[in-house]
Structures are given as C-alpha cells and as structure tokens.
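Asks: fold the following and give me the result.
(3 chains)
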Amino acid sequence: MATAIYVPRINNNDDEVKVLAFDVAIGSKVENGQIVGQVETDKAVLDVTAAAAGFVLGFVANPDEVVKVGSVMLWLGENVDEAIPEPQETSLLRSTAKNSEITAKARLLLAQNGLQAELVTPIDGRITVEAVERYLAAQGGAKAEATKATESRATDVLPDVAGNQVSLSREEKGMAATVTWHRDFAVAGYIEIEYELGPWVEYAKQFQDKNGLLMPPLLPLMAWRLIQIAQEKTHLNATIVGNKRYEYSPVNLGFTIQAGEALYLAVVRNAQTQDELGFVNALGDVLRRAAGHNLKESEASGATIGFSSMERWKVTRHIPILSPHTSLMIAHAAGQGGKGVLGASYDHRVLNGGQVVAMLKKLAVPNKN
Amino acid sequence: MSLNKEAIEAAIKARIVEIAAETGDDASELGVDEIIPATGLIDSTGLLELIAWYEKTYQIPLAQEEINIDNLGTLARMADFVLRKKGLI
Amino acid sequence: MLINASACWPNPTLFLEHKLLYAEKQDSAGYEEIKAEAGDLGADLFPTLRAGSQDPDITLLSYGGMLPVAEKAARLLEENEELTVEIIAPAMLAPLPRFALLKALLHRPRILVVEEAHHQFGFSAEVLAMLMENGYRGKVARLGTAPVPIASARSLESAQLPDENAIVAAVLDIL
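Replies: Residues are numbered from 1 along each chain as shown, chains lettered A, B, ... in the order given. Coordinates of the predicted model:
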C-alpha cells in the first residue's frame, strides 16, 4: 500500500510553505528516516524525512511550488510499480474555489442584456462571457426578449436532396418557436389513465341544456376543473427558471385550437377569477377569435398551464408538446366504448409522475359540488 | 350575397358541409330545423369555425351571450338571426 | 521608505506592524502610486497604491495584512468569474487621503472594503461614509472581522478572519 509523505508545518503562522528540492528520484529506494527533500518558509528551511521505508512512486508537489501544510508531498510504495492513489490538488489557487456554472461576469452580461441563462449554450459546461457573446452575436447583436426561446440552437444544414425552401407563415413560425422551448428546456414525460366517459358527458349535457349553450361545453368544463385543481396544487401551475420553481400567481389557461391550417394556443388569462359559466364563455370567446384568426397578442401568449384535445380527429391518444414556461399540458382524446384515455405531458423538472396521476384522477370526474 | 332566408340557409349549409367533410362527416342531408350541435355532424371546433365564418360573412359581431341554441341552433334560426340583426324582419 | 517618510513628516507617525508581512519582498508588484492630491495631508509621503483593471467590475480596497489575501481573491475572481478587478491600497489610514480616494473611487461601479480588523465603526465605515456623503451611486460592501475577540486556537482564528473565499463570496454578493 502506498504511503504519503506530507508537507510539514514549520511555524505556527505559516499555513503554506515552499518546496525547495527533492533529494530522491522516482523509483529510488528510501529508508525509514531518510531525508527526501526540503521545504522553506521565510524563517527557516526544514528537511523532510521519510516515516517509513519504500520506493518513491511519484511527487505531488514540485520544487519551488508553494503548497499547503499537510498536503501530500510525495508517495512511497512497497513496490516500485505500485499505483499512486488519486491525485490531490495542491496548488493554492486551484484548491480554493470551484468553478461556478455561470461566471459572475457572464451573469452581469446576462442581466445587462435582459437574458435568461438558459438561452445560452455553455462552453465546456460553463456559461462564460464568451458563451454569452456568442449567443448575442447569433442574435444579430439585437437584445433578445428575456422570456422567449425564439431561436432553435443549432443551424441545420440543407439536405443533400433536391427541394425548395418555403418561408413559414406567421402561425407556422409561432408554432416552431413555441415547441422549441419543449426541446430546449423541458424534461418532458407523458402519463395517461383510463376513465369513464359517462359522468363527464352527462355533466356537460346538463350544463349545456341549463344554460342553452350552442357549443358543447365538455372541454371548457374539463379545463375549468383543471384550473380548480391547479389552484390547490400550485406545482401544476408553475415552471422552472434557473434553479428555482416559479409558481404563477394567475392561472392562464392555454387551449390548443386548430383553425384551418394554423394551430393556436388560445389563452384565457386570470381564469381563476371566473366562475364556471363565465370561464366557459370566456374560453368560447377566445376560441372563436382564434377560429377567425383574430387573436389578440395577450390571448395568444402567457399560458401557465395547457389543455389540448384531438378528439375531433378521432385520435385515441396523443402526446402534446409543452408550451413555453408551462409544466403541464392535458391530452384529451376520443373515447371508445364508454371509456377514454386522459393523458398529460409534463415537465419532469417540476412535476413527478405521482403528482400527475393524482391530478388526472381528479380531472377524470366532474366536481359534483 | 342575397339576404333572403333561403339563400342564407343554403350558404350556411354549404359551409357546414365543408366543415363536416374535414372530419369525414357528410352533412348534405342536414335539415333547416335540425339542432346542429345535436346532429354530431360537426364538433365544437367545427362549430367555432362556423361561427367565426358566420360573423365575418354577414358582418355581425357576436357577443358571447348571443351564441346560444335559441339564436343559432339550426339553419333556420341562424338565417333569422342575420335578418333580425340587419333589421330586415 | 517608511523611515524616510516618517523623518520627513513633521508629525508623529503610528506604524501598524503586521508581522506576517515581514517575509514579503519589497516589491511594487504592478502597483502604481495614485497621484497625491493637494488637499491630502501627507499623501505625498505615504501614497495610495493602485493595481489591476482601469475599468473594473469590482474595486477591492484593502491595506496591511489583508492585501495579499485580497490579491489572491482578485486572482480567483479574474480566473473563475471573468471579472475585471482593481485593488486600491492606501499606505496611510489617517489622515485619510480623502481627495485621492474620492477621485479614484467615486466612479467605480462596485467597491468592497476588506479589513483584517473589526470593521464596525472603523476604517471601512469611514471610507464608505465619505463616499456616500459625496454622492457615490454604486454598490458597496465591507468585509472584516466580527465584533468579537480574536480566538487563540488557530482553527477558530482562521474561521474569524476573512480569507480569499470570503472575499470572493462578498464580491459575488454585491454584483
């Protein structure tokens, strides 16, 4: 087994000493008590002796290096070819502080430019000034919007097969930017449960008849139930920024709607302030505007939780993409034989499977009260 | 665009047939007094599309509370509602 | 240098001896003198020194035995955090070279005064108060020893005195 010879303390006020020289070479045999080298402080030079016999395996400190008292100076082994145990840091500078993930200067730069650190691709695992400047340069030097991931990170090369490049419509650009957040930031999972369609269909029917609604209110009512659940469980209405969970104060419900070729996420803001009928009407209102391609900016952004249904396409299950800065998107689909599946995509940084299942089970039955 | 009841009903029906076709349904047999959402020919998204088209085509901005079965539930009611809004009946 | 300056100084000189500095070489180590201002009594004899960036993210103001520690912290901040660091080291604490310090510090964005001494009611308090009185707009902090007696046990003493990591942490705090 290898034994270490440590840097001795020369006087009480010096926690560091300078290694002057080694008197032995790697591979040479050392007797117990033999002088192996010298260390120096400003007051004295001291010989370092071996406390055991052995072969010199290697030096950890180097001549003229200032090292900490008590750190390993060299290793002795019983055999010449023994392995040196794990190397240890001896340089003062290296031992004092570990690299942080984002350098302070990079943090200042991020703040000056109103950027979130997560937009920037780290260099060698660290966000440095260079990494931030690279990001800024990629943005054409323009100040990027703080909360939006509008650019995909890598630039794709054109495929080697003949084709035409077609510019994206405004809606298509919006969709591409929106789903890119999911790829870049969320750690997405998907869970589904099977549930009885009957109670919800019955509940929605009664609600529709009672209020003389033209639109079947099933999905708005389920979304309303989701809002109620999200108010109890604040994790559901949250996201992660940096190392912290960001729990939203309002519940802004985003509802996917296909209008012609365009896919929108229509948003009812402050949904928690509405009563059931008020919310059903408010959602109907924004959906109608989405269908007419007339969404206001505030109705197409700021979702804190999502709801998506592919029932109209008779799809029996689908895995939705999370919209930016949300951790939950309900996946509603068409049922078969009285049963349906109710699923959810979720950001596993914020929610775990158990929490999502608990939420889905609540959502699977209408609130009778 | 002629604003008589039959013409309006026909135009709306034509649009419904188009929308129903998107989800593979055939609405060509839809009667003027059938409750549209109850037929299952077009779903809620389809209805939204229909209403959005209806507002735009007939230039009648709707308030949310006007969107109910009594006003817009059937082809006949939708046509009447246009005429009422335009002060033609 | 000290003897010459003291001999030229018509008033008594109180020299604060720091025995850990005895071993340090007499080396200007990249420091330059800040030009003495006419209003600063004795500043020409006991100059204030400056080293590091001319456009610093952080200015460390320190003196005596804390100076080598501040230098170590500056290296860490430059290497690990990419910050530009300036060190200002007055050789004379009282009379405080007010004009020179104001000129050097008033436009700096962030200043950390580091003392080995108990810093409450002390030098750092005086410097920062002076800056505030003269309209300083940046961020400031001071780091020193807590208002308790210095422990005899070496481990406790090191825990009490600021080290380079404490300085780095204090700097990161005021960014």
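Asks: show me the contacts for the closest residue to chain A within chain B.
Replies: Residue of chain B nearest chain A, by C-beta to the nearest C-beta: residue B:52 (3.5 Å). Any C-beta I mention is one placed from the backbone N, CA and C, and that applies to glycine too. Residue B:52 is in contact with A:259, A:288-289, A:291-292, A:294, counting by C-beta atoms under 8 Å, 6 or more residues apart in numbering or on different chains.
Asks: run a quick neighbour tally on the residue in the stretch 251-369 of chain A positioned nearest to chain C.
Replies: Proximity of the stretch 251-369 of chain A to chain C (C-beta to the nearest C-beta) peaks at residue A:349, 25.0 Å away. Using other C-beta atoms under 10 Å in any protein chain shown, residue A:349 has 15 other residues around it.
Asks: okay, it: pLDDT?
Replies: Here, the pLDDT recorded for residue A:349 equals 94.
Asks: does it touch residue A:238 like I think?
Replies: No. Using C-beta atoms under 8 Å, residue A:349 is not in contact with residue A:238, being 10.0 Å away.
Asks: if we can go back for a sec, got the phi and psi for the residue of the stretch 251-369 of chain A closest to chain C?
Replies: Note on residue A:349: backbone dihedrals following degrees, to the nearest 10 are phi -70, psi -30.
Asks: what does chain C have sitting close to chain A?
Replies: Contact residues, chain C versus chain A (C-beta under 8 Å from any C-beta of the partner chain): C:19-20, C:22-23, C:57, C:72, C:75-77, C:79-84, C:154, C:158, C:164-165, C:168, C:171-172, C:175.
Asks: which among those residues end up buried?
Replies: In these, burial by neighbour count holds for C:57, C:72, C:76-77, C:80-84, C:164, C:168, C:171, C:175, counting by 16 or more other C-beta atoms under 10 Å in any protein chain shown.
Asks: in this structure residue A:57 contacts residue A:3, no?
Replies: No. When contacts are counted by C-beta under 8 Å, residue A:57 is not listed as touching residue A:3 (9.5 Å).
Asks: next, give phi and psi for residue 61.
Replies: Let's take chain A. Note on residue A:61: its backbone torsions stand at phi -90, psi 160 [degrees, to the nearest 10].
Asks: okay, now it: neighbour count?
Replies: For residue A:61, the number of neighbouring residues by other C-beta under 10 Å comes to 23.
Asks: kindly report the same for the one 5 residues further on.
Replies: Counted with other C-beta under 10 Å, the neighbours of residue A:66 add up to 16.
Asks: still on that earlier bit, now for residue A:57 and residue A:3: what residues contact both?
Replies: Common neighbours of residue A:57 and residue A:3 (C-beta under 8 Å, 6+ apart) are A:75-77.
Asks: and those, which is closest to chain B?
Replies: Proximity of the shared contacts of residue A:57 and residue A:3 to chain B (C-beta to the nearest C-beta) peaks at residue A:75, which lies at 73.6 Å.
Asks: can you classify that closest one by secondary structure?
Replies: For residue A:75, the assignment made with DSSP: H, G, I helix; E, B strand; the rest coil gives strand.
Asks: surely it meets residue A:55?
Replies: No. Counting by C-beta under 8 Å, residue A:75 does not reach residue A:55; the two are 9.5 Å apart.
Asks: so residue A:57 and residue A:3 - more neighbours on which side?
Replies: Taking other C-beta under 10 Å, residue A:57 and residue A:3 do not tie; residue A:57 has more neighbours (22 against 16).
Asks: what's in contact with the helix or strand containing the more buried one?
Replies: For residue A:57, the host element (DSSP states H and E) is strand A:54-59. Identification of contacts with strand A:54-59 by C-beta under 8 Å, 6+ apart yields A:2-3, A:22, A:24-30, A:36, A:73-80, A:82-84.
Asks: show me what the helix or strand that that strand is followed by is packed against.
Replies: Toward the C-terminal end, the helix or strand that comes next after strand A:54-59 (DSSP H and E) is strand A:66-68. Judged by 3 or more C-beta pairs under 8 Å, 6 or more residues apart in numbering or on different chains; DSSP states H and E, strand A:66-68 is in contact with strand A:16-22, helix A:92-96.
Asks: could you redo the last one with a cut-off of 7 Å?
Replies: strand A:16-22 (3 or more C-beta pairs under 7 Å, 6 or more residues apart in numbering or on different chains; DSSP states H and E).
Asks: quick one: strands adjacent to the strand it packs on?
Replies: Note on strand A:16-22: by DSSP bridges, its sheet partners are strand A:35-40 (antiparallel), strand A:66-68 (antiparallel).
Asks: now the ones you listed in TSV, with distance to residue B:69 and mean pLDDT?
Replies: Putting the strands paired with strand A:16-22 into TSV (distance: least, C-beta to C-beta, whole Å; pLDDT from 0 to 100) gives the following:
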stretch	distance to residue B:69	mean pLDDT
strand A:35-40	94	88
strand A:66-68	83	85
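Asks: where does chain A have low pLDDT?
Replies: In the predicted model, chain A carries pLDDT under 70 at residues A:86-100, A:140-155, A:368-369.
Asks: please enumerate the helices of it.
Replies: A:92-96, A:104-112, A:129-138, A:170-184, A:198-211, A:218-232, A:276-291, A:353-363 (DSSP state H).
Asks: how about chain C?
Replies: Going by DSSP H, chain C shows helices at C:2-8, C:67-81, C:98-105, C:123-133, C:154-160, C:164-174.
Asks: most packed of those helices?
Replies: The highest mean neighbour count among those, using mean count of other C-beta atoms under 10 Å in any protein chain shown, belongs to helix C:67-81: a mean of 21.
Asks: report all helices and strands that that helix contacts.
Replies: Judged by 3+ C-beta pairs under 7 Å, 6+ apart, the packing partners of helix C:67-81 are helix A:92-96, strand C:58-62, strand C:85-90, helix C:164-174.
Asks: same thing but 10 Å
Replies: Helices and strands touching helix C:67-81, as assessed by 3 or more C-beta pairs under 10 Å, 6 or more residues apart in numbering or on different chains; DSSP states H and E, comprise helix A:92-96, helix A:104-112, strand C:48-52, strand C:58-62, strand C:85-90, strand C:110-118, helix C:164-174.
Asks: and these, which one's lowest on average pLDDT?
Replies: helix A:92-96 (a mean of 40).
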